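[1] Mind folding the following:
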Amino acid sequence: MGTARQNLSFAGPGRTLHGYLAAPPARVGPGVLVIQEWWGLTRHIADLTDRLAEEGFVALAPDLYGGTVTHDRAEAARMKRELPVELAAQELAAAVSRLLHHPSVVGDAIGVVGLCMGGGLALRLAAREGDRVAAVVPFYGLPGDPDYDYRGLTAHVLGHFGEQDASLPVAVVDEAAIRIGEATGRRPEIHFYPAGHAFMNDEKTPSSYDPLQAGIAWRRTLSFLWGHLG
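    The predicted structure is shown next:
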């Protein structure tokens, strides 16, 4: 077990929430929410938040586990099970409001980047928040319900998935893409990489980390976010 990096507090549903905020060199820019994997607000998530800030975004990673970080798979699975999806959605909505009202954030809509568990939550959040989210980028994550209803989703979608990811077969991703297209009237941009699950994560799963594919996905993400938030 470890401790999450935190430097920001904000009001949530029934409790004070915390997160990690990184501002760009110019001190102002579009807002991007970064949603954690099931490990918590790890160094990897904080690093991605910093990297987004370096590229000109005001980036916020909310802490859904109340400060706890783990690198144990069983512990991560337990914490994910004990996080009600509806509560997570409410807390993430509070994070959207906090980011949109931050004095450094420009624009009236933000981007959302989510990884693994956070990828599914990112899509749920975008469907819930409508026009407050202009762009959503799930990395190897989808809502757990294969029949999830994406109505309400107005954001542009860019998805990154591993061809060798046993937890999310290509056919499952393709079906989700069809459902997103039907709900939004706009086909999402989906990319498959010759990699496994968590190919962006250089911290917990070095055997899955693929620096080449991670670099390609990152460049696509930056271009996508600037295209819809700039």
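[2] Pretty sure D108 sits in a helix.
    No: counting by DSSP: H, G, I helix; E, B strand; the rest coil, D108 is located in no helix; its state is strand.
[3] Which residue ranges of the protein form helices?
    For the chain, helices defined by DSSP state H occupy the ranges 43-54, 73-81, 85-100, 117-129, 170-184, 211-229.
[4] packing partners for the lowest-mean-pLDDT helix or strand in the chain?
    Lowest on mean pLDDT, DSSP states H and E among the helices and strands of the chain sits strand 2-3, with a mean of 74. Other helices and strands packing on strand 2-3, by 3 or more C-beta pairs under 8 Å, 6 or more residues apart in numbering; DSSP states H and E, are strand 68-69. For every residue, glycine as well, the C-beta is placed using N, CA and C.
[5] Paired strands for the strand it packs on, with orientation please.
    Strand 68-69 pairs in its sheet with strand 2-3 (antiparallel), by DSSP bridges.
[6] Could you count how many residues lie near D131?
    Neighbourhood size, D131 [other C-beta atoms under 10 Å]: 10.
[7] That one: what's it in contact with?
    Applying C-beta atoms under 8 Å, 6 or more residues apart in numbering, we find D131 in contact with 109, 154.
[8] repeat that with 6 Å
    For D131, the contact set (C-beta atoms under 6 Å, 6 or more residues apart in numbering) comprises T154.
[9] Tell me where the protein is predicted with low confidence.
    Where the chain drops to pLDDT under 70, the residues are 1, 204-206.
[10] If the residue nearest in space to the middle of it is in a bridge, with which residues?
    Residue closest to the average C-alpha location in the chain (C-alpha atoms, centre = their mean): G114, at 1.4 Å. For G114, the residues forming beta bridges with it (DSSP bridges) are I35, P138.
[11] which one of the helices of the chain is the most hemmed in?
    Compared across the helices of the chain, helix 117-129 shows the largest average neighbour count, a mean of 25 (mean count of other C-beta atoms under 10 Å).
[12] Endpoint to endpoint, stretch 158-171 covers what distance?
    17 Å (C-alpha to C-alpha, to the nearest Å).
[13] Buried residues of it, list them for me.
    Across stretch 158-171, burial judged by 16 or more other C-beta atoms under 10 Å covers 158-162, 165, 168.
[14] same check, this time on stretch 125-144
    In terms of neighbour count (16+ other C-beta under 10 Å), stretch 125-144 has its buried residues at 125-129, 132-143.
[15] Just the endpoints, please. Distance across it?
    End to end - C-alpha to C-alpha - stretch 125-144 spans 14 Å.
[16] could I get the helices of the chain as CSV with distance to G29?
    Shown next, in CSV, are the helices of the chain (distance: least, C-beta to C-beta, whole Å):
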stretch, distance to G29
helix 43-54, 8
helix 73-81, 31
helix 85-100, 11
helix 117-129, 19
helix 170-184, 26
helix 211-229, 9
